[in-house]
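>>> how would this look folded up:
(chains A and B)
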Amino acid sequence: MIVADRKPFAEIMSMVEKYSKILVVGCGSCVTICMAGGEEEVKILASQLRIAFRKQGKNIEVQEAMALRQCDDEYMDDPVLIEKVRWADVVISMACGVGVQHATTFFNRIIEERPTRVVPALNTTFMGANLGAGEWEERCLGCGDCVLEKTGGICPITRCAKSLLNGPCGGSSNGICEVSKNTECAWHLIVERLNVLGELDRIKQVEPYKDWRPSHSGGMRKRVREDMRI
Amino acid sequence: MKSGSNLEKLLERGEFVVTGELGPPKGPDAEVVKKKAAMLKGYVDAVNITDNQTAIVRMSSIAAAKILIDMGLEPNMQMVARDRNRIAMMSDLFGANVLGIRNMLCLSGDHQSFGNHPEAKNVFDIDSIQMIKMVKNMRDEHKMICGEEIEGEFKMLIGAACNPFADPFWYRPLRLAKKVEAGVDFIQTQCIYDMKRFKDFMKQVVDMGLHEKCKILAGVTPLKSVGMARYMASSVSGIIIPEELIKRLHGAEKGKVAAEGIKILCEQIQELREIKGIAGIHLMAIEWEHRVPEIVEQAGLLPRPTP
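Residues are numbered from 1 along each chain as shown, chains lettered A, B, ... in the order given. Predicted coordinates:
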């Protein structure tokens, strides 16, 4: 899933303090699960804003809304939500960066009478797994050419700080990466896993230079399934 | 000859070589390079020029290497994968070659989080092992990675690093084998203090026959003080310093700790010379260039052979 953190309140406040009708829109998917931008977080942020404006002696109205997925038209096309957006001077999206951008495009397409301003409440951090209560860790960079079959199901592109294809480097100590004491050395995990699987031969050859074109280095990526288009 | 460098000639002849190291200044002050280089001249066979080591911005290794060439010293230019993609690497290698640089060390590079610009974006387009392969291909096949022909002759002796003290320990000889497969000519190891672990490592290396496919230079660094020893043992990843060495330094008379450190170093060099498969030492004095002459002399490594 996509993992995100909420921005500091002061930063969010600085984006919206000149407006008088504010709508906070949460997202019901990834950021709900990682507790950054779901229904609960919408209520908390809306309350914080109301209190902060009241302290400033301003009469600002803050409304709340949810969309199941801000990254998909199908889940945004809700008359109640659109009415609230029409009312607002500014929309605070509590979705990931994908959701913020999609909401911007969607609302501006649907609402023609005036432009809709959408600002982000989250910092989108990574694509990762939930390791347990309150813990997430990055697992995929979306490089477009998966190597997990060769590396025992552990991604060196994402989990090695240097994205080495022929690791581990000299900075691996007791299974920990020198860059952070909280990070396991991905290549230590890979060689140990391949050893257990009896597949160490897989990494005896020098791994070819990576073609980064399928990754973001090739520019923004797009996928079209012609057979699915209407 | 692969490069025609003095280092290559001496290694081929089976001389016990000594390489030194020089860290360029944090600015364009050529005098700093010249001063350090002058201290090393005649005492080492080639000098590693570090490439923004520990990710701290310094004069480029290519430019500093050229200063050494002009002074009659032979540089071993370090190049890290952290700051350059394959385009910049090949371009810089052509430039280095035209300036007379004939030895290089292919490195991944310390992560930028250790340096003075931790907010920088890193590159890591290719890794150190792929860099070895790339340079070998440029030299022996006269081709760039893309397959296009190189205009002119590219000559380079290809070096790489090896840390026998990093983990997983059992995998380290296999990783060295991978560098050999990629085409490395010589290896310089991380600083050695734990002699037992290093001998275990070298036994596996010799059993695999790797010492016959590349020349291995044992990395050494003098322990200047108890504080430095403790710092390196606790904070520098992949360095193991046995407690008995720290005790020896601790037991030295006041004002004689540095001399004790040099004595320990010379004993280490003697021990390393006797290990099968060791072709020389790489002396990383780390801002102690002025003491290199006495170290090399005390270790019985003078005079240096003529290529």
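>>> and residue 46, what pLDDT?
This is for chain A. With respect to pLDDT, A:A46 scores 98.
>>> Actually, chain B is the one I wanted.
Per-residue confidence at B:A46 stands at 98 (pLDDT).
>>> For B:C162, see how far away it is.
Noted for B:A46: a distance of 17 Å to B:C162, by C-beta to C-beta, to the nearest Å. Every residue, glycine included, has its C-beta placed from N, CA and C.
>>> Neighbour count for those two, which is higher?
Just comparing B:A46 and B:C162: by other C-beta atoms under 10 Å in any protein chain shown the higher neighbour count belongs to B:A46, 30 against 24.
>>> Whether stretch A:218-230 contacts chain B - can you check?
No: under the criterion of C-beta under 8 Å from any C-beta of the partner chain, chain B is not reached by stretch A:218-230; the shortest gap measures 13.1 Å.
>>> quick one: pLDDT of residue 149?
Looking at chain A here, since you left the chain open. On the pLDDT scale, A:E149 gets 95.
>>> ah, no, chain B please
pLDDT recorded at B:E149 is 98.
>>> I'd like to know how many residues surround it.
8.
>>> For the residue in chain B that chain A sits nearest to, what are phi and psi?
Going by C-beta to the nearest C-beta, chain A is nearest to B:N163 of chain B, at 3.1 Å. Phi and psi for B:N163, reported as degrees, to the nearest 10, are phi -110, psi 100.
>>> and if you look at A:E138?
Listed backbone geometry of A:E138 is phi -70, psi 140, with angles given as degrees, to the nearest 10.
>>> residues touching residue 1, list them.
Just so you know, I chose chain A. A:M1 sits next to A:S29, A:C30, A:I33, A:C34, A:M127, A:G128, A:A129, A:N130 when contact means C-beta atoms under 8 Å, 6 or more residues apart in numbering or on different chains.
>>> my question was about chain B
Listed by C-beta under 8 Å, 6+ apart, the contact set of B:M1 reads B:E8, B:K9, B:K155.
>>> So which of those wins on neighbours?
The residue in the contacts of B:M1 with the most neighbours, by other C-beta under 10 Å, is B:E8 (23 neighbours).
>>> neighbours of residue 19, just the number please.
With no chain named, the answer covers chain A. A:Y19: 17 neighbours (other C-beta under 10 Å).
>>> oops, I was thinking of chain B
Using other C-beta under 10 Å, B:T19 is surrounded by 25 other residues.
>>> How about the one 10 residues further on?
The burial count assigned to B:D29 is 12, neighbours taken as other C-beta under 10 Å.
>>> Tell me the confidence at it?
B:D29 carries a pLDDT value of 98.
>>> Which residues are in contact with it?
Counting by C-beta under 8 Å, 6+ apart, B:D29 touches B:M59.
>>> Around chain A, pick out the residues from the stretch 1-150 of chain B.
B:81-82, B:86, B:108-111, B:113, B:122, B:124-130, B:133-134, B:145.
>>> Selection in PyMOL covering whichever of those are buried, please.
Those of the residues of the stretch 1-150 of chain B next to chain A that count as buried under 16 or more other C-beta atoms under 10 Å in any protein chain shown are selected in PyMOL with:
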select buried, chain B and resi 81+82+86+108+109+110+111+122+124+125+126+127+128+129+130+133+134+145
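>>> Select from the residues of the stretch 1-150 of chain B next to chain A every entry located in helices.
B:R86, B:S128, B:I129, B:Q130, B:K133, B:M134 (DSSP state H).
>>> Contacts only, for the second one.
Read it as B:S128. Neighbours of B:S128 in contact, by C-beta under 8 Å, 6+ apart: A:L164, A:N166, A:C169, B:A81, B:C106, B:L107, B:S108, B:A160, B:A161, B:K179.
>>> what kind of secondary structure is the second one in?
Per DSSP: H, G, I helix; E, B strand; the rest coil, the secondary structure class of A:N166 is coil.
>>> burial measure for it, as a count.
For A:N166, using other C-beta under 10 Å, the count is 23.
>>> Cross-check the contact I'm expecting between it and B:Q130.
Yes: counting by C-beta atoms under 8 Å, B:Q130 is a contact partner of A:N166 at 6.7 Å.
>>> that older thread, identify the residue nearest the residue of chain B closest to chain A in space, chain neighbours excluded?
A:G170 (3.1 Å; C-beta to C-beta, 6 or more residues apart in numbering or on different chains).
>>> again with A:C140
Spatial nearest neighbour of A:C140, chain neighbours left out: A:M127 (4.6 Å); criterion: C-beta to C-beta, 6+ apart.
>>> then the longest helix that chain A contains to PDB, C-alphas only?
For chain A, the helix with the greatest residue count under DSSP H is helix A:39-55. Provided in PDB are the C-alpha atoms of helix A:39-55 (Å, rounded to 0.1, in the frame of the first residue of the first chain):
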ATOM      1  CA  GLU A  39     -12.200   9.400   8.500                       C
ATOM      2  CA  GLU A  40     -10.600   9.700  12.000                       C
ATOM      3  CA  GLU A  41      -7.700  11.900  10.700                       C
ATOM      4  CA  VAL A  42     -10.200  14.100   8.800                       C
ATOM      5  CA  LYS A  43     -12.100  14.700  12.100                       C
ATOM      6  CA  ILE A  44      -8.900  15.500  14.000                       C
ATOM      7  CA  LEU A  45      -7.600  17.900  11.400                       C
ATOM      8  CA  ALA A  46     -10.900  19.600  11.000                       C
ATOM      9  CA  SER A  47     -11.200  20.100  14.700                       C
ATOM     10  CA  GLN A  48      -7.600  21.400  15.000                       C
ATOM     11  CA  LEU A  49      -8.400  23.900  12.300                       C
ATOM     12  CA  ARG A  50     -11.700  25.100  13.900                       C
ATOM     13  CA  ILE A  51      -9.900  25.500  17.300                       C
ATOM     14  CA  ALA A  52      -6.900  27.400  15.700                       C
ATOM     15  CA  PHE A  53      -9.200  29.800  13.700                       C
ATOM     16  CA  ARG A  54     -11.400  30.400  16.800                       C
ATOM     17  CA  LYS A  55      -8.300  31.300  18.800                       C
END
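>>> Buried residues of the helix of greatest length in chain B, list them for me.
For chain B, the helix with the greatest residue count under DSSP H is helix B:257-273. Neighbour counts over helix B:257-273 (16+ other C-beta under 10 Å) mark B:V257, B:A258, B:E260, B:G261, B:I262, B:I264, B:L265, B:C266, B:Q268, B:I269, B:L272 as buried.
>>> could you list every residue that touches residue 63?
I went with chain A, as the question did not name one. With C-beta under 8 Å, 6+ apart, A:Q63 has these contacts: A:K21, A:I22, A:L23, A:V24, A:A46, A:K84, A:W87, A:A88.
>>> Chain B, not that one
With contact set as C-beta under 8 Å, 6+ apart, B:A63 has these partners: B:P24.
>>> again, 10 Å this time
By C-beta atoms under 10 Å, 6 or more residues apart in numbering or on different chains, B:A63 lies in contact with B:P24, B:P28, B:A30, B:V33, B:I49, B:A96, B:L99.
>>> what helix or strand does it sit in?
If you go by DSSP states H and E, B:A63 is part of helix B:61-70.
>>> Pull out the buried residues from that helix.
Buried residues in helix B:61-70, defined by neighbour count with 16+ other C-beta under 10 Å: B:S61, B:I62, B:A64, B:A65, B:K66, B:I67, B:L68.
>>> Put the alpha carbons of it into CSV.
Below are the C-alpha coordinates for helix B:61-70, written out as CSV (Å, rounded to 0.1, in the frame of the first residue of the first chain):
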residue,chain,number,x,y,z
SER,B,61,40.1,13.1,-7.8
ILE,B,62,40.9,13.6,-11.5
ALA,B,63,42.3,17.1,-10.9
ALA,B,64,44.2,16.1,-7.8
ALA,B,65,45.6,13.1,-9.7
LYS,B,66,46.9,15.3,-12.5
ILE,B,67,48.8,17.4,-9.9
LEU,B,68,50.5,14.3,-8.8
ILE,B,69,51.4,13.2,-12.3
ASP,B,70,53.0,16.7,-12.9
